[in-house]
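>>> Below: sequence and its predicted model.
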Amino acid sequence: MITNSNTSLRTEPSPFVEIRRQLHQIPEPGYAEFKTQQFLLDYILTLNQDRLETRTWRTGILVNVKGTAPRKRFGYRADMDGLPIKEETSYAFQSAHPGFMHACGHDVHMSIGLGILTHFVQHPIRDDITFIFQPAEEGPGGAQPMLESEELQDWMPDTIVALHIAPEYPVGTIATKPGILFANTSELFIDLTGKGGHAAFPHLANDMVITACQLVAQLQTIISRNINPLDSAVITIGKIEGGTKQNIIAEKARLEGTIRTLSASTMTLVKSRIEALTAGMETAYDCKVDIDYGANYRQVFNDAETTEHFMGWVRETGIVQLIECTEAMTGEDFGYFLEKIPGFMFWLGVETPYGLHHSKIEPNEQAIDLAIHLISSYFTAMSDGDQE
Ligand SMILES: CC(=O)N[C@@H](CCC[C@H](N)C(=O)O)C(=O)O
């Protein structure tokens, strides 16, 4: 049973740690966050509804907390989906969905969202706040269609904030910077079709396992030989599939990966090199290559004025220690929100030895209450600071 509490006066762990543990047990893929959506809706219904309005959009949720005399609107966005990873944590509250795991902290992001929401139900401010629980961040990307959705238009924030857990930073710290924080991304799916055959007669077939191996190695030469060493780009092939049996030459193979760049022009360059290399493979290995770039995300670009103001406020209040970080090659479809709405994303320190997308990641839960307090205090200060 979930109960809510006053987040500003808390001296012991809040119920939002327990909420995170419950969310952790029900990780679901993008646009299939049905249980997660229901869990969040059930919790929201436990709150006093006087100032609340709730809408659903696909498997996502929008909540409006009405201010007392609104002049503007703040926004907090949390992503909802899990990853296809078999969990290997030491938790007693492991995933109940075999083969799926919250290994990117979205359970933490959502529980923090509910904590901030609870705070403002209990301590309303002058201004309105939109809470955006967004599906499909890991793919195919819920941010862009949610931004364009009818449901969000009259609750569009004037300033928006999101956070992402950071295993490498201690609890009690956050890290951010004005400008680019996360990279441009593009998914990459390459299907190779050759000619299958008997393992003993390779000269009569075109083996797509061999072609796939060559291609994986060649793709890395784009990074090492085509990209200016002072620029940055990543190509990761995270999955290879090919063939049917050990003594059958593979007719088909498939590579699945992702491209990361710090500029749109470098993304164009990487894609044109992939196309040139694969055209060469078609000739060299007498096969057919089909490329699909899947979901593409814009860079996460923090608005300079809003971010610098937030960083100054964090230094002044000392609620957490601020680290001015460099950009990372992670991707986030929150970049679409930041393209339209001034705001920022920051890393939340949850110090843990295993990184994002690792089956053993165990974020330090003490960061949950701290983040609730930080964002609640920030929105309150921004709202109070504008009083005439
Ligand atoms: C924060 C984080 O880990 N985000 C994901 C976003 C994935 C975008 C897309 N599905 C892709 O793989 O390119 C990341 O992997 O950085």
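Right, received. Where do you want to start?

>>> Name the residues that touch the helix or strand that contains Ala367?
In this structure, Ala367 sits in helix 366-385 according to DSSP states H and E. Applying Cβ atoms under 8 Å, 6 or more residues apart in numbering, the contact partners of helix 366-385 are 7-8, 10, 13-14, 16-17, 20, 67, 74, 76, 108, 111-112, 115-116, 119-120, 123, 125-127, 129, 159, 161, 163, 165, 171-172, 174, 310, 313-314, 317, 319-320, 348-350. (Glycine included, C-beta is placed from N, CA and C.)

>>> how about a cut-off of 7 Å?
7-8, 10, 13-14, 16-17, 20, 74, 76, 108, 111-112, 115-116, 119-120, 125-127, 129, 161, 163, 171-172, 310, 313, 317, 319-320, 348-350 (Cβ atoms under 7 Å, 6 or more residues apart in numbering).

>>> Which ones among these lie within helices?
16-17, 20, 108, 111-112, 115-116, 119-120, 310, 313, 317 (DSSP state H).

>>> Switch those residues over to a markdown table; also include distance to Arg51.
Formatted as a markdown table, the ones in helices among the contacts of helix 366-385 follow (distance: Cβ to Cβ, whole Å):
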| residue | distance to Arg51 |
| --- | --- |
| Phe16 | 20 |
| Val17 | 25 |
| Arg20 | 25 |
| Val108 | 25 |
| Ser111 | 21 |
| Ile112 | 20 |
| Gly115 | 17 |
| Ile116 | 14 |
| His119 | 12 |
| Phe120 | 8 |
| Phe310 | 25 |
| Trp313 | 25 |
| Thr317 | 26 |
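
>>> Looking at those residues, which is nearest Asp303?
Phe310 (9.7 Å; Cβ to Cβ).

>>> Name the nearest residue to the closest one, ignoring sequence neighbours.
Phe344 (6.1 Å; Cβ to Cβ, 6 or more residues apart in numbering).

>>> Now do the contacts for the one you found.
161, 176, 302-303, 306-307, 310.

>>> now swap in Glu138 and tell me
30, 81, 83, 104 are the contacts of Glu138 under Cβ under 7 Å, 6+ apart.

>>> please redo it, this time with the cut-off set to 6 Å
30, 81, 83 (Cβ atoms under 6 Å, 6 or more residues apart in numbering).

>>> Look up the pLDDT of Pro13 for me, please.
Note for Pro13: predicted pLDDT of 62.

>>> got the residues of the protein near the ligand?
Residues of the chain lying close to the ligand by Cβ under 6 Å from any ligand atom are 104, 138-139, 164, 185, 187, 258, 295, 297, 330-332, 356.

>>> Apply 5 Å and report the result again.
139, 185, 187, 258, 330-331 (Cβ under 5 Å from any ligand atom).

>>> got the contact list for stretch 178-189?
Residues contacting stretch 178-189 (Cβ under 6 Å, 6+ apart): 256-262, 267, 292-297, 299-302, 304, 307-308, 327, 329-332, 345.

>>> What residues sit buried inside that stretch?
Within stretch 178-189, the residues scored as buried using 16 or more other Cβ atoms under 10 Å are 178, 180-188.

>>> coming back round to it: which among the contacts of helix 366-385 count as buried?
Counted by 16+ other Cβ under 10 Å, these give 7, 14, 16, 20, 74, 76, 108, 111-112, 115-116, 119-120, 125, 127, 129, 161, 163, 171, 310, 313, 319-320, 348-350 as buried.

>>> Ser376 versus the residue nearest to Tyr169 when sequence neighbours are not counted, what's the distance?
Spatial nearest neighbour of Tyr169, chain neighbours left out: Gly349 (3.3 Å); criterion: Cβ to Cβ, 6+ apart. Distance, Gly349 to Ser376, by Cβ to Cβ, to the nearest Å: 18 Å.

>>> residue ranges with poor pLDDT in this protein?
1-13, 386-388 (pLDDT under 70).

>>> how about the helices in it?
15-24, 34-45, 106-122, 143-148, 150-153, 208-221, 264-285, 304-317, 334-340, 366-385.

>>> Dump those into JSON lines; add distance to Lys360 as well.
Listed next are these as JSON lines, based on distance: least, Cβ to Cβ, whole Å:
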{"stretch": "helix 15-24", "distance to Lys360": "14"}
{"stretch": "helix 34-45", "distance to Lys360": "22"}
{"stretch": "helix 106-122", "distance to Lys360": "15"}
{"stretch": "helix 143-148", "distance to Lys360": "28"}
{"stretch": "helix 150-153", "distance to Lys360": "36"}
{"stretch": "helix 208-221", "distance to Lys360": "26"}
{"stretch": "helix 264-285", "distance to Lys360": "31"}
{"stretch": "helix 304-317", "distance to Lys360": "30"}
{"stretch": "helix 334-340", "distance to Lys360": "26"}
{"stretch": "helix 366-385", "distance to Lys360": "18"}
